[in-house]
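Chemist: output the structure for:
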Amino acid sequence: MNREEANTIVMSEILKKLGYEPVKDSGNETFFISPINDNKAASFVVDKLNNAWYDLTEGASGDVVEFVRSYLKYSGEDNTDADIYRWLMNMSAPQTPSAPDMFSSINDNTAMPALCFERISELRYPALVKYLESKGISIAVAKKYLNEILVRNLHTGKKFYAFGLSTESEGFELRNRVFRGSIGTQSISFVRGTKVPADEIHIFEDMMDFMSAVMHNGEDFQGDVLILNSVFCLPMSTAYIRNYSYRKINTWLNNDTAGVMATRNLKDTAEILKIGFTPMNKMYAPFKSVNAWHLQKDLL
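Modeler: Model prediction:
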């Protein structure tokens, strides 16, 4: 891939894959919550005619390549040209059979998932370990919950390493420095607490936030844990909360628009079930996530 090819990818499709939906559509301009800063207003504008963008808060603008560079930088990831093109190639692989293709060169004539695993083993690949450490996660904690996965892309035949968290759909939520996706249908992950039966449940948005909280606590949670892996998986959590007869829900979701809405939804669930509810957001505010707070805390 080169810059010209990268800039043919539709900006709105990239944002959709990242979980951002349009807030407002005005002719040739579409407004989104910004993926490159913590502003809660719809300050990120996509110029559909020129497949370009500008951010009203940052005063920044550019093409697809410059967006990915800004996004990776905001996420704390490496953002060289090679990192950008690799990230875009990984993002082109649909996460589920129904996921939309982003590149016109990928055909619609197969219902086969793009990714499968070649090998599952104990976490030890140096690049994965280094990435986890850059996120403030020790290898000892990571090994409790994650596996090392050798992944094969069925469209390209290429292989890459990622660490994976098993999901309730018998797949894996995957992550490495330049890729975030899943094998199988994206689903929630369940971690049994040390107290059986547990009387409370902790709900996290992703695996990094969960492991950051474990690092903060210095030990595993006594209560059970649900990791959504995406706020879009929130409806799947209801059955677990109902069936296990918990007395309390603790939420550790992001301090952004999607996280606030999901927290309100879970609060409503707690009220319906007449159980306790504690949002943990204040502990890690003003940071967006538990992991961002954890990283900053370690620097103080």
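
Chemist: the lengthiest helix in the chain: how far from the chain's middle?
Modeler: In the chain, taking DSSP state H as the definition, the longest helix is helix 257-273. Centroid separation between helix 257-273 and its chain, computed with CA atoms, centre = their mean, to the nearest Å, is 19 Å.

Chemist: which neighbouring elements make contact with the following helix or strand past that helix?
Modeler: Using DSSP states H and E, the next helix or strand after helix 257-273 towards the C-terminus is strand 276-279. Contact partners of strand 276-279 among helices and strands, from 3 or more CB pairs under 8 Å, 6 or more residues apart in numbering; DSSP states H and E: strand 248-252, helix 257-273. Glycine gets a C-beta too; all of them are placed from N, C-alpha and C.

Chemist: strand 276-279 pairs with which strands?
Modeler: Sheet pairing of strand 276-279 (DSSP bridges) gives strand 248-252 (parallel).

Chemist: what's the angle from the strand it pairs with to helix 257-273?
Modeler: Here the directions of strand 248-252 and helix 257-273 differ by 180 degrees (axes from the mean of the first three to the mean of the last three CA atoms, to 10 degrees).

Chemist: what sits up against strand 248-252?
Modeler: Here strand 248-252 makes contact (CB atoms under 8 Å, 6 or more residues apart in numbering) with 199-205, 209-210, 213, 223, 241, 262-263, 266-267, 269-270, 275-281, 284, 290.

Chemist: repeat that for 10 Å
Modeler: Applying CB atoms under 10 Å, 6 or more residues apart in numbering, the external contacts of strand 248-252 come out as 198-205, 209-210, 212-213, 221, 223, 225-227, 237, 241, 259, 262-267, 269-270, 273, 275-281, 283-284, 289-290.

Chemist: type out the ChimeraX command that picks the buried ones from the residues you listed.
Modeler: Selection of buried members from the contacts of strand 248-252 for ChimeraX, criterion 16 or more other CB atoms under 10 Å:
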select :198,199,200,201,202,203,204,205,209,210,212,213,221,223,225,226,227,237,241,259,262,263,265,266,269,270,273,275,277,279,280,281,284,289,290
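
Chemist: tell me which of the helices and strands packed on strand 276-279 lies nearest to Ile188.
Modeler: helix 257-273 (12.4 Å; CB to CB).
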